[in-house]
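Chemist: below is the sequence, then the predicted model.
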Amino acid sequence: MAVKINLFERVDSGKGLFAVETISLIYNALTTILILILYPRMDHPGMMLLERAGIVVLTFVLIFLYQAVPCRLTAFIRMLVQMSLLAYWYPDTFEFNRLFPNLDYLFAHAEQFLFGCQPAVEFSKHLPSIWFSEPFNMGYFFYYPMMFIVVVYYFLKRFEWFEKICFVLVTSFFIYYLIYILLPVAGPQFYFPAIGMDKVNACIFPPIGDYFNFNDYLIPGPGFDHGFFFNLVEASQEVGERPTAAFPSSHVGISTIVMIMSWRVNRKLTYLLTPFYLLLCGATVYIQAHYLIDAIVGFISAFFVYHLATLMYKRWFISPVFKLMG
C-alpha cells in the first residue's frame, strides 16, 4: 500500500533554530574565528567571510519562511539546505590546511611499514578489469544517494526522529571537517603525482611542505575511462575534490554512520544498502582517494563520532522536536 504523506501538514517545533542549524552556525563561527586569526596568510579570506555571512542570512530567511508556513515541507527544506551546504564546507577545509606542511609522507611510510606495499596502488593493479572498476566507482558515487535515501526514509516513516538524525549526520561531518582543517593529508591521488610514481615504486616518500598551497593536480583514478560510473566519479571529483580530507576517510566514516541509522529503523533497507556500502568502502582505496589506514580509521572512528554526535543532541536538545498538529 502506498504511503500517503501530507507535505503541508502543520508541524509545531517551536520558533527557534533547529538543532542542525545550531550546529551549523557554531561551525560557521569557529571557522570564522580561524579565518580572522589566519587572515594575512589566507588566499581569499574576505570572500570566505562574505560567504559565511550569506549562509547565516540564508539560514534565518528559511526560519522566517518556516514560521510563515510551519509544515513538513518547509521543515524538510530547512534541513535539506543545511545538508546541501556540506558541499561548500568540504572544499572549504582546504583553504585552511593548505597553509600547513603536508603530512602525506608519514601516511605513505605507515602504509609501507604496515602492509609492505602501497595498497592504493596494488589494489587496482591486481583488479584491472572493468568488472571491478565499474562496481567500485558505482559504490563511490553512491555516497550521497545512500545518505539521501536514509534521510528521506526518516522523513517519511520516522518524522519524530527526523531532526535528530539530520543533526547527527551534519555534526558528524563537521567533526571530520575540523580534523581535516588541522591534519593536512591529501591522499594518494594527490600525493603520488606530486612526488612521481618512480619514487612511489622505489618506496621513497619525501615530505613536500606546503606544495599543495600552490598545486592541486589530481591524478585520474585507475579504471576504464569509458566506464559510465568511472566518468561520473571523475566529473564529480573535478568539480569538488581538493587535496584535503584524506585521514580519516569520511566516505567510510559517514557511510558507516548512515548504515547505523538505517539498521536502527529498517533492517531490509540496511540489507539493500549493504552492497553499495561495501563497494564504497573498497572504492576509497581502489580509486586511490585514500590510503588503506584512512579507510580503517574511518570505519573505527564512525562509532565514536556517531555516539559523540548523539550525546551532543541528547545534552543540548532534550524536548521532543517535531509534533504533527494535523
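Modeler: Noted; the coordinates are in hand.
Chemist: give me the contacts around the helix or strand harbouring residue 37.
Modeler: Assigned by DSSP states H and E, residue 37 falls within helix 19-38. Applying C-beta atoms under 8 Å, 6 or more residues apart in numbering, the contact partners of helix 19-38 are 17, 42, 45, 48-49, 52, 55-56, 59, 63, 78-79, 82-83, 85, 89, 92, 96, 99, 163-164, 166-167, 170-171, 174, 177-178, 181, 312-313, 316-317, 321. For every residue, glycine as well, the C-beta is placed using N, CA and C.
Chemist: wait, residue 299 sits on residue 253?
Modeler: Yes: taking contacts as C-beta atoms under 8 Å, residue 299 lies within contact range of residue 253: 7.1 Å.
Chemist: between the two, which has more neighbouring residues?
Modeler: residue 253 (27 against 16; other C-beta atoms under 10 Å).
Chemist: list the buried residues in the regular element (helix or strand) spanning that one.
Modeler: Assigned by DSSP H and E, residue 253 falls within helix 250-265. For helix 250-265, the neighbour count (16 or more other C-beta atoms under 10 Å) marks 250-262 as buried.
Chemist: one more: stretch 17-32?
Modeler: 18-25, 27-28, 31-32.
Chemist: separation between residue 20 and residue 163?
Modeler: 7 Å (C-beta to C-beta, to the nearest Å).
Chemist: if I look at those two, which residues touch both of them?
Modeler: Joint contacts of residue 20 and residue 163 (C-beta under 8 Å, 6+ apart) are residue 79.
Chemist: I'd like to know which elements the helix holding residue 253 is packed against.
Modeler: The contact analysis (3 or more C-beta pairs under 8 Å, 6 or more residues apart in numbering; DSSP states H and E) places helix 250-265 against helix 143-157, helix 162-182, helix 267-286, helix 292-316.
Chemist: out of the ones you listed, deepest packed?
Modeler: Ranked by mean neighbour count under mean count of other C-beta atoms under 10 Å, those are led by helix 162-182, which reaches a mean of 22.
Chemist: contacting residues for residue 274?
Modeler: Applying C-beta under 8 Å, 6+ apart to residue 274 gives the contacts residue 259.
Chemist: and if you look at the one 10 residues further on?
Modeler: The neighbourhood of residue 284, defined by C-beta under 8 Å, 6+ apart, consists of 140, 249, 251-252, 290, 294-295, 298.
Chemist: repeat that for 7 Å
Modeler: 249, 251-252, 290, 295 (C-beta atoms under 7 Å, 6 or more residues apart in numbering).
Chemist: then residue 286?
Modeler: So residue 286 contacts 123-124, 136 (C-beta under 7 Å, 6+ apart).
Chemist: any idea how far residue 17 is from the closest residue to it other than its chain neighbours?
Modeler: Distances taken as C-beta to C-beta, 6 or more residues apart in numbering place residue 136 nearest to residue 286, at 4.5 Å, with adjacent residues excluded. According to C-beta to C-beta, residue 136 and residue 17 sit 40 Å apart.
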